[in-house]
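Chemist: quick check, what structure comes out for this input:
(one chain, ligands or ions: 1)
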Amino acid sequence: MESCNATCPPQVGIYVHVPFCAQGKCPYCDFYSVKMSGEVGREVGCEVQERYIESVERDLQARAKDACSREINTVYFGGGTPSLLGEGLARLLFCVAENYKIEKGAEITFEANPKTIDYDTLLLLRKSGFNRISLGMQSAVQKELDALGRRHTKEDVKIAVENAKKAGFDNISLDLMLCVPGQTQKSMRESVDFAASLSPRHISAYILKVEKGTRYFDIKDTLNLPDDDAQADMYLAACEAIEEKGYNQYEISNFAEAGFESQHNLRYWNCDEYLGFGPAAHSFFAGRRFYYPRGLEEYIAGNPPVQDGDGGSLKEYIMLRLRLSTGIEDAEMKRRFGVGLSFFDKGVIGSLEKSGLIKYLPKRLSLTKKGFLVSNSIISELIFR
Ligand code: SF4
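Modeler: Have a look, this model is predicted:
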C-alpha cells in the first residue's frame with residue numbers, strides 16, 4: 001500500500017450490505033432486500049448470490065488502494081439477512097483481510113435471522129474471524145412476531161443464542177421492536193425479560209416507523225398504532241426496563257454492558273469514516289459521502305457509486321453526536337471544528353435545559369431521555385439558531 005496522507009484519521013470501518021432475505025418482504029421493512037431464490041444454508045448455492053459475492057470482491061479489491069495504510073477496526077455485514085450467505089460471508093471477510101489491514105481485535109459483526117442460522121454455520125463464521133453477531137429478535141410475543149411477519153419464534157431466538165455461544169461468540173446483540181401493533185407495556189416487558197434472560201451483551205430497541213413504500217404504509221390506518229404520547233410512554237418504559245437489567249443506554253436506541261457498545265455503529269454517530277459495499281451501501285470517506293443505489297443487478301453490472309456531497313460538517317457532527325448519551329464534548333468539538341460548545345445560543349440552551357430536554361455541563365452537552373424522543377426538533381433549534 002502507498003503511504004498515507006498524515007491528516008487522514010488512522011482507522012476506517014467497512015460495511016457490506018447483503019440484500020438477500022428468505023421470506024420476501026416483512027411488512028414494515030424499508031431496507032433494500034430481494035427475496036432469495038436459492039438454497040438457504042451454508043452453500044452459496046444460487047447463481048445470483050455467487051455473482052453478488054464476486055461483485056463485492058471486485059469492489060473491495062478496487063477500493064483497497066484508497067484505504068492506503070489506514071487500519072480497519074470494524075467490519076459490519078448488514079442486510080437483508082447476511083447469515084443466508086453462510087460460507088459466502090467467510091469468503092467476503094477473507095477478501096477484506098487479503099486487501100486491507102484489519103486491526104488486531106477489530107469488531108467483526110454479521111446480522112442474522114434466528115430462523116436461518118445453524119450451529120455449523122456459526123462455527124464456520126466464528127473460525128473465519130467473525131466475533132460479533134446481531135440477531136433480529138424483535139419480540140418474544142408470538143402475536144407480535146406474527147404481526148411483524150416474522151417467521152421465527154422466541155424458541156428459535158433461544159436456540160440461535162445458545163448455538164452462537166457454543167460456537168464461541170461472546171459478543172451477541174439482540175434487536176427489539178417497540179410500538180408494534182398490539183404491543184402493551186406488559187408485553188414489551190415480557191420481551192425485555194426474555195431477551196435479558198439470554199444474557200446478550202447488547203440490546204437495541206427501535207420504535208417501529210411506518211415508512212412510505214412498505215406494506216404497513218398502505219394499511220397504516222388499520223394497524224391501530226399508538227399515538228405520539230403512547231409511543232413516548234412505551235419508549236421511556238422500555239429504556240427503564242432494559243436499564244434495570246444492567247444495560248447502559250449509550251444511544252437513543254442502543255444499550256450495552258460496559259465495553260460492549262457497537263464499535264461500528266459508534267463510528268456513524270461519532271461522524272467517523274467508513275467504506276460501504278453492495279447495493280444500497282453508503283460510504284463516508286475522505287470527506288465525501290457517496291452510495292451505491294438500490295438495485296442488485298445494477299450493482300453487479302458495476303454501476304459506480306453516486307456522489308452525495310461533502311460529509312463531516314459541523315452540523316452533521318452535532319446531529320449525529322447528540323444521538324449518543326455522552327453527547328458533545330467541548331474539547332473534542334474544538335479539536336475537530338475550532339469551535340466548542342460556545343457555538344450554541346445561550347438562550348436556546350437555557351430554555352431546552354429548563355424543559356428537561358438537554359443536560360448542559362460546562363464541558364459537555366447531551367440530550368436527556370425525554371430529549372431523545374424529540375431529538376430532531378431539538379437539533380434543529382440548536383443548529384438553526
Ligand atoms: S428479514 Fe429483515 S431485511 Fe429482510 S425483509 Fe424482513 S426486516 Fe427486511
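Chemist: does the ligand have contacts with the lengthiest strand in the chain?
Modeler: Ordering each strand of the chain by length in residues (DSSP state E) puts strand 101-112 first. No: under the criterion of Cβ under 6 Å from any ligand atom, the ligand is not reached by strand 101-112; the shortest gap measures 8.1 Å. All C-beta spots, glycine's among them, are computed from the backbone N, C-alpha and C.
Chemist: name the helices or strands packed onto that strand?
Modeler: Judged by 3 or more Cβ pairs under 8 Å, 6 or more residues apart in numbering; DSSP states H and E, the packing partners of strand 101-112 are strand 71-79, helix 87-99, strand 132-138, helix 263-269.
Chemist: what residues does the helix or strand following the last one touch?
Modeler: So that's helix 263-269. The helix or strand immediately downstream of helix 263-269 is strand 274-277, counting by DSSP states H and E. By Cβ atoms under 8 Å, 6 or more residues apart in numbering, the residues outside strand 274-277 that reach it are 12-17, 56, 59-60, 63, 66-67, 74, 264, 267-268, 282-285, 291-292.
Chemist: what does stretch 255-272 give?
Modeler: Stretch 255-272 has contacts (Cβ under 8 Å, 6+ apart) with 9, 11-13, 15, 73-76, 107, 109, 132, 171, 173, 201-205, 239, 242-243, 246-251, 254, 273-274, 284, 311-312, 316-317, 320-321, 323-324.
Chemist: re the thing from before, which ones among the contacts of strand 274-277 lie within strands?
Modeler: Short answer: the contacts of strand 274-277 in strands (DSSP E) are 12, 13, 14, 15, 16, 17, 74, 282, 283, 284, 285, 291.
Chemist: make a markdown table out of those residues and add distance to residue 97, neighbour count and pLDDT.
Modeler: Below are those laid out as a markdown table (distance: Cβ to Cβ, whole Å; neighbours: other Cβ atoms under 10 Å; pLDDT from 0 to 100):
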| residue | distance to residue 97 | neighbour count | pLDDT |
| --- | --- | --- | --- |
| 12 | 15 | 24 | 96 |
| 13 | 15 | 25 | 98 |
| 14 | 11 | 27 | 98 |
| 15 | 16 | 21 | 98 |
| 16 | 13 | 26 | 98 |
| 17 | 19 | 25 | 98 |
| 74 | 14 | 24 | 98 |
| 282 | 23 | 18 | 98 |
| 283 | 20 | 24 | 97 |
| 284 | 22 | 24 | 97 |
| 285 | 19 | 19 | 95 |
| 291 | 24 | 17 | 98 |
